[in-house]
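A.B. asks: sequence and predicted model, in that order:
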Amino acid sequence: MLPRNTSADDSAQRSQEQIELSPWASSATSLSAAPTINSQSDDTSKGLEAGKIDSPSPSQVSSACTKTLLAPHYAASTGIEEEKKQISHIRRRFIFVGLFFTIFLSGLDQTVTSTILTHIANDFKALDRIDWVPTIFMLCSTCLNILSGRIADVFDRASVLLFSLAAFVVGAVLSAFAQSIVMFIVARGISGIGCGGMLSLSIIIISDIVPLERRGKYLGFLQICFGVSNAAGPLLGGLFADHFTWRAAFYADMAMGLLTVSYLTLVLWKCRSRLRPAAPVDAASIAPRTWRDGLRTLDYIGIALIVASIALIIVGMNLGGTMLSWSAPVTVACLVCGVVLLGVFVVVELRVSQEPLVPMWIFGIRNLVIDFAVTFLCGMSMFSIIFYMPVYFSAVFGADSMRAGLLVLPFGMSLSVSSFVTGYFMSGKDRYRLFMRLGPAIMALGVLLLALLSGRTSQATQAVLLIVPGIGMGNVIVANVIAAQAATDAHLIATITPLCEFFLSIGGVFGVALFGAVYRNKLSGILAAALVGESLSAQALISEARKDVSVIYAAGVPDALRKTVAAAYVDAMRLGMWVMLPLLIVAFLLSMAMKGRRTLGKKETQEAALERTVNKD
């Protein structure tokens, strides 16, 4: 018998101890592929004892340990891949078509109200409460973004997506037939629930059935649909409001939603059991669950805390500077309580929850934290442009709802094209860091150009300049998902993906609030100065222009007064853009700190998974 290699034996023993300490080890014995690797090790041991083969070298032992350590992950992934093979190529194409329509509806509904809010406010005589419409929508959408991933892990993806589509349709029906501003606000909240789940689940399902190295291309297609619909929303909303009625926009949502939910029910229902996490978190989750079992595993304390926290923060941001001052007791109480509850949520997730809604250890991954921060900062600028540029065009150029939507169209179209190009080249070059850096840099350039505009710049020039920030946002909106998924394990796709959307949305909440506060304060200051020395009728007109800018373009309004108000809106918009610029510079600097060059091929992804598993231990 050959002499035994002591160093190799010691290495193998240490590796076995690491495996026993690994969180994966508890589930290894329950997975079908693990015995294959173990049997190879047994054969090697028998060969050593019989003297038929040489003792393994340290590098061979290290390679074997790597395979053994990742055995549960490979085993689970292999089982899932076998099930995915049962989804035919034709059915996958049908699934993609349905998901594209879903994304289109989600993007359309997010921006369709931006150009018809004035019509809705006038119809319900509720201009003072109209700010709650986008606030409630964003609140519900943001909450569902962060919840949908965990719910999709507990239940199958198809059921959660179809539920979201059903909520979208119900919200559209209630919006179309609303008889009061309160009913309309509630209806938009229901639509927000639907849109939050629709967007997240579409990306999750794409990530489930497309390998990481080819995922960017498909996400690029999804973002084309999202960008086109985001750009078309203000345009269609203005078209319906100016030529028909604002309710027609929701009739269209209702009809398209019914068609989409019917189509996806037919396409997804038979294969819904195959759309599940790529690798289970623990051995218990491998066994099929009933709805009752699934409901027991949900982190209800965590859900209640995060929803309450987000709600209070968003409400506080909406109240500050609009209905109430930032120093008002109600505003301060909402913001402070929201932050406190967020801290309690973190403690509960770390120490109490058995199956946490958000595993807090992921925030120890450097690239992931940077990715979320860049997404948040870019989202601030993106939503500020979407919500305030139509108002700017209406005030400065007297554009009606439809024309204001057309003037903002270049931003959405450039975002769509850029996102597709980004996804395509990421798939070909296997890189995402480049686009995570280009995005904030190009957005900063675009915002700088907008900050340098004046009232003398033509409409066409200003509309074309919106292409620049659109290109930058298109880079970020695809690369951030790929960067996040590449930084974590495959079984966390349903957790990580909604977090990308969450930080984009919550960035929009803070961005719109910050931009709006600066915008309104500057506007109020300029208009207050303009009131001095004016007649009573002019003072009344200027005061009304703060709420409804269309009054300055009514017949009989002096040109000098009109130019004064328009110039105030120009200065207010420019100041808002100057505030956004340093935030984008910070986003660019953060993106430069992304660690290392990592490709998205199969070998590199497996090595990254091993590294993350060892670090977690």
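C.D. replies: That came through, no problem. Numbering: from 1, shown residues only.
A.B. asks: what packs against the host helix or strand of A572?
C.D. replies: Assigned by DSSP states H and E, A572 belongs to helix 559-591. Applying 3 or more C-beta pairs under 8 Å, 6 or more residues apart in numbering; DSSP states H and E, one finds that helix 559-591 contacts helix 366-397, helix 433-451, helix 493-531, helix 536-545. For the C-beta atoms, the positions are set from N, CA and C on the backbone; glycine is no exception.
A.B. asks: give me the buried positions along that helix.
C.D. replies: Across helix 559-591, burial judged by 16 or more other C-beta atoms under 10 Å covers 561-562, 564-577, 579-581, 583-585, 587-588, 590-591.
A.B. asks: still on that earlier bit, so which of the helices and strands packed on helix 559-591 comes closest to V340?
C.D. replies: Smallest distance to V340 across those (C-beta to C-beta): 17.0 Å, for helix 493-531.
A.B. asks: any idea how far that closest one is from the chain center?
C.D. replies: 16 Å (C-alpha atoms, centre = their mean, to the nearest Å).
A.B. asks: any idea of the angle that helix forms with helix 366-397?
C.D. replies: With axes from the mean of the first three to the mean of the last three C-alpha atoms, to 10 degrees applied, the angle from helix 493-531 to helix 366-397 works out at 30 degrees.
A.B. asks: and helix 493-531, what other elements does it pack with?
C.D. replies: Using 3+ C-beta pairs under 8 Å, 6+ apart, helix 493-531 sits against helix 132-154, helix 181-209, helix 300-319, helix 366-397, helix 467-486, helix 536-545, helix 559-591.
A.B. asks: just those: most buried one?
C.D. replies: helix 467-486 (a mean of 27; mean count of other C-beta atoms under 10 Å).
A.B. asks: that one versus helix 366-397: what angle between them?
C.D. replies: Using the same axes, to 10 degrees: helix 467-486 against helix 366-397 is 160 degrees.
A.B. asks: and the angle from helix 467-486 to helix 559-591?
C.D. replies: Using the same axes, to 10 degrees, helix 467-486 lies at 30 degrees relative to helix 559-591.
A.B. asks: show the average pLDDT along helix 467-486.
C.D. replies: Across helix 467-486, the average pLDDT comes to 86.
A.B. asks: does anything pack onto that helix? Which helices or strands?
C.D. replies: helix 212-243, helix 366-397, helix 401-429, helix 433-451, helix 493-531.
A.B. asks: pull the distance from it to the chain's centre.
C.D. replies: On C-alpha atoms, centre = their mean, the centre of helix 467-486 falls 11 Å from the chain's centre.
A.B. asks: what do you get for stretch 393-412?
C.D. replies: Distance, centroid of stretch 393-412 to centroid of chain: 26 Å (C-alpha atoms, centre = their mean).
A.B. asks: start to end distance for it?
C.D. replies: End-to-end span of stretch 393-412 (C-alpha to C-alpha, to the nearest Å): 16 Å.
A.B. asks: gap between L527 and K217?
C.D. replies: Distance, L527 to K217, by C-beta to C-beta, to the nearest Å: 49 Å.
A.B. asks: and F435, how far from R351?
C.D. replies: Taken as C-beta to C-beta, the span from F435 to R351 is 38 Å.
A.B. asks: so for these two, which residue has more residues nearby?
C.D. replies: Neighbours were counted for F435 and for R351 using other C-beta atoms under 10 Å; F435 has more, 29 against 9.
A.B. asks: name the nearest residue to the more buried one, ignoring sequence neighbours.
C.D. replies: A479 (3.9 Å; C-beta to C-beta, 6 or more residues apart in numbering).
A.B. asks: contact partners for that neighbour?
C.D. replies: Contacts here follow C-beta atoms under 8 Å, 6 or more residues apart in numbering; on that basis A479 touches G216, T422, M426, Y432, F435, M436, G439.
A.B. asks: so the third one sits against N480, correct?
C.D. replies: Read that as M426. No - M426 is not in contact with N480 according to C-beta atoms under 8 Å; the separation is 11.4 Å.
A.B. asks: middle-most residue in the chain, spatially?
C.D. replies: Nearest residue to the geometric centre of the chain (C-alpha atoms, centre = their mean): E501, 1.3 Å.
A.B. asks: quick check: pLDDT value at that residue.
C.D. replies: pLDDT, read off for E501, is 81.
A.B. asks: now do the contacts for it.
C.D. replies: N145, G196, L199, S200, I203.
A.B. asks: just curious, which of those residues is nearest to Q459?
C.D. replies: When the contacts of E501 are compared against Q459 (criterion: C-beta to C-beta), the nearest one is L199, at 31.8 Å.
A.B. asks: the closest one reaches L99, doesn't it?
C.D. replies: No - between L199 and L99 there is no contact under C-beta under 8 Å: 10.3 Å.
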